[in-house]
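Participant: 3D, please:
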Amino acid sequence: MIFSGAIVFLLAADLSQPGSPADNPGAWITSDDYPIRAMMEEMEGTTGFRLNYDAGGMPTTCDIISPSGHTELDAATCRLAMERARFNPGRDQAGKPVGGTYRTRVRWQIPRGAGAPDPAMAFLEEDFLDNWPRGALPSPAMRLLDPADHYPAAARSARVEGIVRMHLKIDPLGKVTDCAVTAGSGSDELDKAACDLMRSEGAFLPALDGAGKPAAATFAASFAWMLPSADTPGDATPEAPMPFPLGEPGSATMSIVINVDGSASDCQFSGTGKLASPQPEISPCDIFGGASRYAPFRDERGRPVARRIVFHTDLSVEDIASKPAPPTP
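Facilitator: I've put the predicted structure just below:
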């Protein structure tokens, strides 16, 4: 007896999804947690850290990826985050809970009266993990925005200061498309000016989705409107101009392996001079490596293959013949 038929392959649905914080990361560490000795010695700084968590959503390890410059502040960061952070675990393709990694940073700043940050929100920036494997990242130019260049005239004349906290919508091109004030400065004029500034000057490295393509994202940030020192009575001395940010020679090399499944591994970064850390809060390996997944490289037959990518750049500062100053008329 002969049987004939067809073999049917049933593909199971992909139930994978990324994990996320179970509560507000801004509540993990507050100004109320400031170490007493660090406050007495006026230690301040920004600590970047990475938490690994298990399938139950509990932190397992904490790594400092960007030190604040003070061991006591960095140690307090990991201790508090391990105690308080909880996560909604991700899911693998079969829908089973899996652990993951979460990166963020905390700014340790001693409160100084009315202009100090709200103790309930000690985070300078907060990644809500709307995107996997990477959320939007502010460009270096964002950190150079000077309130003095954009201060609303009426608020400046009235000597009004304050901090504006906002949720920003970032499109796949890295542009700010919407701004919502979540905690105002107490001045409608400063609140509006902060959002206007984000829309006009906001520039971000766009978020990436699971396929490694640019995607829309939400980003939380704050902007501090502080009056220029020249506006302060008894201090009319103008501030010295800042040095050119790339005025020191240096070099940087990064290598990373993209495996046949698109995962990133074996990322190595080294640099000297001004290129030792192009973005102080997070290294290139934290951006492109870790849990990131990309479309794999393919050979001439279209089969996925592993590749190592090596990037090298040099920064030099050269002397040039100076021109004599024009004669005084």
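Participant: all helices for the protein, in order.
Facilitator: 36-40, 71-84, 147-150, 153-157, 188-201, 284-288 (DSSP state H).
Participant: Check which helices and strands the second one is in contact with.
Facilitator: Contact here means 3 or more C-beta pairs under 8 Å, 6 or more residues apart in numbering; DSSP states H and E; on that basis helix 71-84 packs against helix 36-40, strand 45-53, strand 59-66, strand 100-108. Using the backbone N, CA and C atoms, a C-beta is placed for each residue, glycine as well.
Participant: partners of the second one in the sheet?
Facilitator: Applying DSSP bridges, strand 45-53 is found paired with strand 59-66 (antiparallel), strand 100-108 (antiparallel).
Participant: Which positions within that strand qualify as buried?
Facilitator: Buried residues in strand 45-53, counted by 16 or more other C-beta atoms under 10 Å: 45-51, 53.
Participant: what do you get for stretch 21-38?
Facilitator: Buried residues in stretch 21-38, defined by neighbour count with 16+ other C-beta under 10 Å: 21, 25-26, 28-31, 33-35, 38.
Participant: Out of these, the closest to residue 57 would be?
Facilitator: residue 21 (9.3 Å; C-beta to C-beta).
Participant: picking that back up, would you check which pair of the buried residues of stretch 21-38 lies furthest apart?
Facilitator: Maximum distance among the buried residues of stretch 21-38 (C-beta to C-beta): 25.5 Å, for 21 and 38.
Participant: now the buried residues of stretch 21-38 as TSV including distance to residue 185?
Facilitator: Below are those laid out as TSV (distance: C-beta to C-beta, whole Å):
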residue	distance to residue 185
21	26
25	22
26	18
28	24
29	23
30	19
31	18
33	24
34	23
35	28
38	27
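Participant: Same list (the residues you listed) but as TSV, adding distance to residue 91 and pLDDT.
Facilitator: Output for those, formatted as TSV (distance: C-beta to C-beta, whole Å; pLDDT from 0 to 100):
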residue	distance to residue 91	pLDDT
21	16	90
25	21	84
26	26	81
28	24	88
29	28	88
30	31	82
31	36	77
33	33	79
34	38	80
35	38	77
38	40	75
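Participant: List just the nearest of those to residue 181.
Facilitator: So of those, ranked by how close each gets to residue 181 (C-beta to C-beta), first place is residue 26, at 15.7 Å.
Participant: Point out where the chain drops to low pLDDT.
Facilitator: Counting by pLDDT under 70, the chain has low-confidence residues at 1-13, 36-37, 40, 111-134, 229-246, 274-284, 286-292, 322-329.
Participant: mind running it again at 50?
Facilitator: By pLDDT under 50, the low-scoring segments of the chain are 1, 3, 9, 113-124, 126-130, 232, 234-237, 239, 278-281.
Participant: Break it down into its structural domains.
Facilitator: For the chain, automatic domain parsing gives the domain ranges 1-114, 125-242, 250-315.
Participant: Take those and lay them out in CSV including distance to residue 321.
Facilitator: Listed next are those as CSV, based on distance: least, C-beta to C-beta, whole Å:
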stretch, distance to residue 321
domain 1-114, 40
domain 125-242, 24
domain 250-315, 21
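Participant: picking up where we left off before, burial-wise, tell me which of the strands paired with strand 45-53 comes out on top.
Facilitator: Comparing the strands paired with strand 45-53 by mean neighbour count (mean count of other C-beta atoms under 10 Å), strand 100-108 ranks first with a mean of 22.
Participant: ok, the closest residue to residue 61 other than its chain neighbours - contacts?
Facilitator: Nearest-residue entry for residue 61: residue 52, 4.7 Å, with adjacent residues in sequence omitted and distances by C-beta to C-beta, 6 or more residues apart in numbering. Neighbour list for residue 52: 59-63, 99-101 [criterion: C-beta atoms under 8 Å, 6 or more residues apart in numbering].
Participant: Perfect, that will be all.
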